[in-house]
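> missing the sequence, but the structure's below:
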């Protein structure tokens, strides 16, 4: 099972100064920055996915600048992502259309021929057909029952594009593996889409629309699809938001999935920001310690403008919290003193009050409990990865992109090891993989 990281220009400045909180004045973003596989010294994934919508163009505003998009087209995906070294040659490069970026449009802005040429010219190893995302989902839906008129139109558009896309890939003798994208509003409709794609000649299917679904709903879809396609058909899950629950999906024989979850959760999850291997085949999670910039944080600045806090006092408390954390890391401060100084600075953020006015609040007590676990366990000292060795306690501090994304990159490495351990379990216990055969094979 391949873990494909969905990249969105996720890199950090290797020369970032944690004490001074700044990059070198001469830094050039992208050119001087490092992708996860560069800063770690190895690839913490089996491949990378790039969405056409993230690259962007005159029709869809992407995340790339105009010059970055031109360079991507000029040099190709592998060189742009700096995966052109021999040690990264085995990594897959998946591409999709980025259906979320044009979800409000009546039809996708890209044609099947255009996407086939894009994948081929940019050196992708795998390319997904042009889909139109369907958000409706009825877990009880059988066959083609149910579904809004809009969902049915998007269903047909996706299948028409898939048929054209495969023909276009064949006509240009494309070097990438085409994936037919499955969209639907129920397990039954998605199974029907998968059946039609296999009839077209696809042997690798990408299942879309999974992001908002819960694990039990995704399993219903996978089971319905596995019941109607040959066992040899490979399945890829697009945007697998339930990546931490991947162990429970082994019975569906997933060939690959893409996700940003381990990186994103480093700074978008309220509690589970830092990963470590857990007991057996599990993962452990720790809460990062929030110490935002006093003069840049919008919430703190609103408090200053309202006269609730003095800017100079917030800056002082910010420095005290940071200095205490670093002293704790060196063994020069104890846990309770450090936690107290962090909470004093956290109070204006959590309760919008000075610490003295809310020291017994429930929210602050809950935060203190999570922070105490993080400080007591010192997880950054348990990790041998280059990020944790270089950044030390700064990797656990929630503060700015260069810390937060480093923590996310560390998470990618831990998660990739987690997937490899699960695959080893699957290899040792082949009975964990009940392959479902379609009626034609029984």
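Great, that's in hand. Because the structure is predicted, anything quoted here is derived from the model rather than measured.
> Quick check: closest non-adjacent residue to residue 327.
residue 333 (3.8 Å; C-beta to C-beta, 6 or more residues apart in numbering). Placement of C-beta: from N, CA and C, glycine included.
> mind checking how far that neighbour is from residue 240?
Separation of residue 333 from residue 240 (C-beta to C-beta, to the nearest Å) stands at 41 Å.
> okay, those two: which has more neighbours?
residue 240 (25 against 17; other C-beta atoms under 10 Å).
> Tell me the secondary structure at that one.
coil (DSSP: H, G, I helix; E, B strand; the rest coil).
> That one against residue 259, yeah?
Yes: using C-beta atoms under 8 Å, residue 240 and residue 259 qualify as a contacting pair, with a distance of 4.6 Å.
> Would you map the helices across the stretch 1-150 of the chain?
36-39, 52-55, 66-75, 77-80, 112-121, 149-171 (DSSP state H, counting those that start in this stretch).
> Contacts for the fourth one next, please.
If you take C-beta atoms under 8 Å, 6 or more residues apart in numbering as the criterion, helix 77-80 is touched by 48, 50, 68, 71-72, 83-84, 88, 93, 95, 122-124.
> please redo it, this time with the cut-off set to 6 Å
Defining contact as C-beta atoms under 6 Å, 6 or more residues apart in numbering, one finds that helix 77-80 is touched by 50, 72, 84, 93, 122, 123, 124.
> top helix in this structure by residue count?
In the chain, with assignment by DSSP state H, the single longest helix is helix 400-428.
> now, among the contacts of helix 77-80, which is nearest to residue 306?
residue 50 (44.0 Å; C-beta to C-beta).
> For that closest one, which residues are in contact?
7, 77, 95.
> Minimum pLDDT in the residues you listed, which residue is that?
By pLDDT, residue 7 ranks lowest within these, coming in at 94.
> how about that residue, what does it touch?
Applying C-beta under 6 Å, 6+ apart, the residues near residue 7 are 48, 50.
> can you list the contacts of helix 77-80 in CSV and add pLDDT and distance to residue 145?
Shown next, in CSV, are these (pLDDT from 0 to 100; distance: C-beta to C-beta, whole Å):
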residue, pLDDT, distance to residue 145
50, 98, 36
72, 97, 43
84, 97, 49
93, 98, 38
122, 97, 40
123, 98, 42
124, 98, 36
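> circling back to that earlier point, give the buried residues for the longest helix of the chain.
For helix 400-428, the neighbour count (16 or more other C-beta atoms under 10 Å) marks 400, 402-416, 418-419, 422, 426 as buried.
> With stretch 389-401 instead?
For stretch 389-401, the neighbour count (16+ other C-beta under 10 Å) marks 391, 392, 393, 394, 395, 396, 397, 398, 399, 400 as buried.
> Among those residues, which one sits closest to residue 139?
Closest to residue 139, out of all of those and judged by C-beta to C-beta, is residue 398, at 35.9 Å.
> wait, residue 178 sits on residue 166?
Yes: here residue 178 reaches residue 166: they are 5.5 Å apart, a contact under C-beta atoms under 6 Å.
> When the two are compared, which one has more neighbours?
residue 178 (25 against 21).
> neighbours around the residue lying closest to residue 372 once chain neighbours are set aside, how many?
The shortest distance from residue 372 to any non-neighbouring residue, by C-beta to C-beta, 6+ apart, is to residue 339 (5.9 Å). Residue 339 is flanked by 23 other residues according to other C-beta under 10 Å.
> In a helix, residue 339, correct?
Yes: counting by three-state DSSP, residue 339 falls inside a helix.
> Could you tell me the backbone phi and psi angles at residue 182?
Dihedral pair for residue 182: phi -100, psi 130, per degrees, to the nearest 10.
> for it, which residues make a bridge with it?
residue 207 (DSSP bridges).
> In this structure it contacts residue 193, no?
Yes: judged on C-beta under 6 Å, residue 182 makes contact with residue 193 at a distance of 4.7 Å.
> Show me which of these two is the more surrounded one.
residue 182 (35 against 28).
> Per-residue confidence at that one, what does it come out as?
98.
> now the one 10 residues further on
At residue 192 the predicted local confidence, pLDDT, stands at 98.
> Sticking with it, tell me its helix or strand.
helix 187-200 (DSSP states H and E).
> Next, the buried residues of that helix.
Residues of helix 187-200 classed as buried: 187, 188, 189, 190, 191, 192, 193, 194, 196, 197, 198, 200 (neighbour count, 16+ other C-beta under 10 Å).
> a markdown table please, covering these and showing distance to residue 148.
As requested, the buried residues of helix 187-200 are exported to a markdown table (distance: C-beta to C-beta, whole Å):
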| residue | distance to residue 148 |
| --- | --- |
| 187 | 17 |
| 188 | 15 |
| 189 | 11 |
| 190 | 15 |
| 191 | 19 |
| 192 | 16 |
| 193 | 16 |
| 194 | 20 |
| 196 | 20 |
| 197 | 22 |
| 198 | 26 |
| 200 | 25 |
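> between those, which is nearest residue 297?
residue 190 (43.4 Å).
> Does the residue lying closest to that closest one once chain neighbours are set aside fall in a helix, a strand, or a coil region?
Of all residues not flanking residue 190 in the chain, residue 184 sits nearest, at 3.5 Å (C-beta to C-beta, 6+ apart). Following three-state DSSP, the label given to residue 184 is coil.
> burial measure for residue 184, as a count.
30.
> Isn't it up against residue 194?
No: with contact defined as C-beta under 6 Å, residue 184 does not count as touching residue 194 (8.7 Å).
> any shared contact partners between those two?
By C-beta under 6 Å, 6+ apart, no residue touches both residue 184 and residue 194.
> residue contacts, the residue nearest in space to the middle of the chain?
The chain has residue 260 as the residue nearest its centroid, 0.6 Å off, counting by C-alpha atoms, centre = their mean. By C-beta under 6 Å, 6+ apart, residue 260 lies in contact with residue 6.
> ok so, going back, I'd like to know which of the buried residues of stretch 389-401 are part of strands.
397, 398 (DSSP state E).
> Show me which of the buried residues of stretch 389-401 is closest to residue 11.
Closest approach between the buried residues of stretch 389-401 and residue 11, by C-beta to C-beta: residue 400, at 14.2 Å.
> now the residue lying closest to residue 132 once chain neighbours are set aside: how far from residue 52?
Using C-beta to C-beta, 6+ apart and skipping the chain neighbours, the partner closest in space to residue 132 is residue 154 (4.1 Å). Counting by C-beta to C-beta, the gap from residue 154 to residue 52 is 18 Å.
> just residue 295 next, same as before
In this view, residue 295 and residue 52 are 39 Å apart by C-beta to C-beta.
> cool, and residue 355?
For residue 355, the distance to residue 52 - C-beta to C-beta - is 49 Å.
> The two - which one has more neighbours?
residue 52 (27 against 19).
> Pull the contacting residues for residue 52.
97, 98.
> Then residue 126?
Contacts of residue 126 (C-beta under 6 Å, 6+ apart): 92, 94, 176, 177.
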